[in-house]
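Trainee: the sequence isn't on hand, but the structure is:
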């Protein structure tokens, strides 16, 4: 694959025009607001008060609105509100459905479709929130949330569960309690203000927060994450810059995805921040039909440097619910980075990262520059595809002779004894193999060997978890179907709390189908995406009544024809309600363990399921899911797997994922 990436990027560079259509910083016209005075137009408060927030407004501005956008706007208040500043709206091409600005802020009906692997909280922030408004995922830094509002709403927002409050999350920052948490934790040296957008706060409130944080001795530097400089450059006033300037060292991270967004107005705001001595970085999200082309990304990063902004991160789009239509492949991101490296200054090349699903943090994804690596040398590849060798030095210290700068020469063997030098190299190489979760032996594993190892793992998991079962509470197939629909991006425990009363109120498919939507939404409000789930449950039960006499069907095709039911949900129902082994349930736990156990190299649920079905006998498919899910919940956690206590450690290629943790000491 790497050779094809090199070839494609080289071809793209040779064929690209030397002229850059996005190079200039264009002034944005007033468009439909031509009658507005310059005083009002350049007032950020006027821009906020006159945001586009309704279907009627958009239809006036884009007369030929396609159905997918019209339906998306009508349902926007169920997930993430619609809001676009007049300034930013004027960057949209009304005649181009694929306009990169339009893709980012105009809702589409696709947002209501949730893939099996998508989540309401893909970065696991709620699980790492010790107090409301604080996310403490990394040891020495925290996310400090100050609001749930933005100047405009990105349709791929990773915090759409709370931002704009369309889902009823009801986030209310408790600033004093948040400040107390920072004071009480001396390990915190870095505080990132985010939200929503912190620059929507008044100058006085920003001043208050920054002064309180700066007064905490162990807080070394502050950061502000904001898209205000792009959505609302009028907000970057001289007074705001003077306020922020008082609290150095302070960094500002902006978020822009396309060079069109870098207008003359944006450049003025960024210049003001830079002139105030504020280091600026940019974080982009890789999006389909927005910036998934090398020429677009190259133009963006070069233009950013001219604004004194360092391209910092290029994110693979988070697995946020309803974002599949905007997500491009990881391979595409690698191609872009490969095409930038060596062809533009290193300052312009961002780090491509994936924020690991469930709270694993940012993981760098780089073009493969290391071809091979052993105790003697490392073979590397440059941006042109050429290979080079570099000698390796053993990691362990060598007994250097005092006053000399050469290692002791290896002594010849005597009496069958290996020289210390050779022993050292052998030891280092052995350690490399041990610490590598998928070392060469595993990568060369035959299908037969893998099947034998899978059988051993299954046998051991069966012994460890003899009572493994579906942890959703249900008495009938219908109850399991409803509970599984509710469980998307939600824990079984949360679902069980809701279904206790839900199943008392609604006992049949007809009861659910006839229930008023608002009443059903109220009954499941404690669960994320309750509006969309209530709508799916009603539609699902209506079809059950009309086509299956109110009974849950027993085939994959029939089940997946129901609203809100994908292959994973169908497998849960077939396996647990009817004892039919139609497939393997692939949730986040099964997906994670399949990778760690080296059952598959696939990354999508469908392909993972197909691989698992070839490795395990059909009569174990349903139970295999339970054993893996129980092991994932109780031992092989996403962030901190308990490798030292793992019952299948000896059979697991990734058995040293916890190598950085201290092995528990035995009690004397």
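Mentor: All right, it came through fine. This is a predicted model, so every value here is computed, not measured.
Trainee: pLDDT score assigned to residue 624?
Mentor: Looking at residue 624, its pLDDT reads 93.
Trainee: tally up the residues packed near it, please.
Mentor: 26 (other C-beta atoms under 10 Å). Quick note: C-beta positions are derived from backbone N, CA and C, even for glycine.
Trainee: buried stuff in the helix or strand containing it?
Mentor: Secondary structure assignment for residue 624, by DSSP states H and E: helix 621-634. Neighbour counts over helix 621-634 (16 or more other C-beta atoms under 10 Å) mark 621-632 as buried.
Trainee: quick one: which of the residues you listed is nearest residue 78?
Mentor: Ranked by distance to residue 78 (C-beta to C-beta), these are led by residue 629 at 29.3 Å.
Trainee: which stretches of this protein have low pLDDT?
Mentor: Counting by pLDDT under 70, the ranges of the chain that qualify are 1-18, 394-445, 655-668.
Trainee: got phi/psi on the spatially most central residue of it?
Mentor: Centroid-nearest residue in the chain: residue 318, 2.8 Å away (criterion: C-alpha atoms, centre = their mean). Residue 318 has phi and psi values of phi -60, psi 160 when expressed as degrees, to the nearest 10.
Trainee: residue contacts, the residue nearest to residue 287 when sequence neighbours are not counted?
Mentor: Once flanking residues are discounted, residue 287 sits nearest to residue 326: 5.1 Å by C-beta to C-beta, 6 or more residues apart in numbering. Residue 326 is in contact with 103, 155-156, 287-288, 290, 317, counting by C-beta atoms under 8 Å, 6 or more residues apart in numbering.
Trainee: swap the cut-off to 10 Å and go again
Mentor: Contacts for residue 326 (C-beta atoms under 10 Å, 6 or more residues apart in numbering) come out as 103-104, 108, 110-111, 154-156, 285-290, 292, 317, 320.
Trainee: in helices, which of those fall?
Mentor: 103-104 (DSSP state H).
Trainee: just the ones of the contacts of residue 326 in strands?
Mentor: 285-286 (DSSP state E).
Trainee: which ChimeraX command selects the buried ones in the contacts of residue 326?
Mentor: A single ChimeraX command is used to select the members of these judged buried by 16+ other C-beta under 10 Å:
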select :103,104,108,111,154,155,156,285,286,287,288,289,290,292,317,320
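Trainee: rewinding a little: can you put the buried residues of helix 621-634 in CSV and add distance to residue 248?
Mentor: Converted to CSV, the buried residues of helix 621-634 look like this (distance: C-beta to C-beta, whole Å):
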residue, distance to residue 248
621, 59
622, 59
623, 59
624, 56
625, 53
626, 55
627, 54
628, 50
629, 49
630, 51
631, 49
632, 45
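Trainee: what is the nearest of those to residue 173?
Mentor: Distance to residue 173, by C-beta to C-beta, is smallest for residue 632 among the buried residues of helix 621-634, at 33.1 Å.
Trainee: now for the helix holding residue 624, which elements pack on it?
Mentor: Helix 621-634 is packed against helix 447-464, helix 567-577, helix 588-596, helix 605-615, with contacts defined by 3 or more C-beta pairs under 10 Å, 6 or more residues apart in numbering; DSSP states H and E.
Trainee: relative orientation of whichever helix or strand comes after the first one and helix 567-577 in degrees?
Mentor: Spelled out, it's helix 447-464. Downstream of helix 447-464, the first helix or strand assigned by DSSP H and E is helix 477-486. Interaxial angle of helix 477-486 relative to helix 567-577 (axes from the mean of the first three to the mean of the last three C-alpha atoms, to 10 degrees): 150 degrees.
Trainee: buried sites along the very next helix or strand once past helix 477-486?
Mentor: With elements assigned by DSSP H and E, the helix or strand that comes after helix 477-486 is helix 492-505. By 16+ other C-beta under 10 Å, the buried positions in helix 492-505 come out as 492, 495-496, 498-499, 502-503.
Trainee: how big is the angle separating helix 492-505 from helix 477-486?
Mentor: In terms of direction (the same axes, to 10 degrees), helix 492-505 departs from helix 477-486 by 140 degrees.
Trainee: which other helices and strands contact the next helix or strand after helix 492-505?
Mentor: For helix 492-505, the succeeding helix or strand toward the C-terminus, using DSSP H and E, is helix 509-514. Applying 3+ C-beta pairs under 10 Å, 6+ apart, we find helix 509-514 packed against helix 477-486, helix 492-505, helix 530-548.
Trainee: now do the second one: distance to the chain's middle.
Mentor: Mean C-alpha position of helix 492-505 versus that of the full chain (C-alpha atoms, centre = their mean, to the nearest Å) differs by 29 Å.
Trainee: please apply the same query to the shortest one.
Mentor: Taking C-alpha atoms, centre = their mean, one finds helix 477-486 lying 27 Å from the centre of the chain it belongs to.
Trainee: ok, the longest one next?
Mentor: Averaging C-alpha positions (C-alpha atoms, centre = their mean) puts helix 530-548 30 Å from its chain's average.
Trainee: after that helix, next one along is what?
Mentor: helix 556-560.
Trainee: before we move on, the earlier item: so which of the helices and strands packed on helix 621-634 comes closest to residue 59?
Mentor: Nearest of those (C-beta to C-beta): helix 567-577, 36.0 Å.
Trainee: output the contacting helices and strands for that closest one.
Mentor: helix 477-486, helix 556-560, helix 605-615, helix 621-634.
Trainee: so can I have a markdown table of the ones you listed showing distance to residue 119?
Mentor: As requested, the helices and strands packed on helix 567-577 are arranged in a markdown table below (distance: least, C-beta to C-beta, whole Å):
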| stretch | distance to residue 119 |
| --- | --- |
| helix 477-486 | 14 |
| helix 556-560 | 21 |
| helix 605-615 | 13 |
| helix 621-634 | 15 |
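Trainee: and of those, who's closest to residue 136?
Mentor: Of these, the one closest to residue 136 (C-beta to C-beta) turns out to be helix 621-634, at 22.1 Å.
Trainee: which stretches of the stretch 101-250 of the chain form strands?
Mentor: 134-138, 141-145, 190-194, 221-226, 250-254 (DSSP state E, counting those that start in this stretch).
Trainee: the fourth one pairs with which strands, and in what direction?
Mentor: If you go by DSSP bridges, strand 221-226 pairs up with strand 190-194 (parallel), strand 250-254 (parallel).
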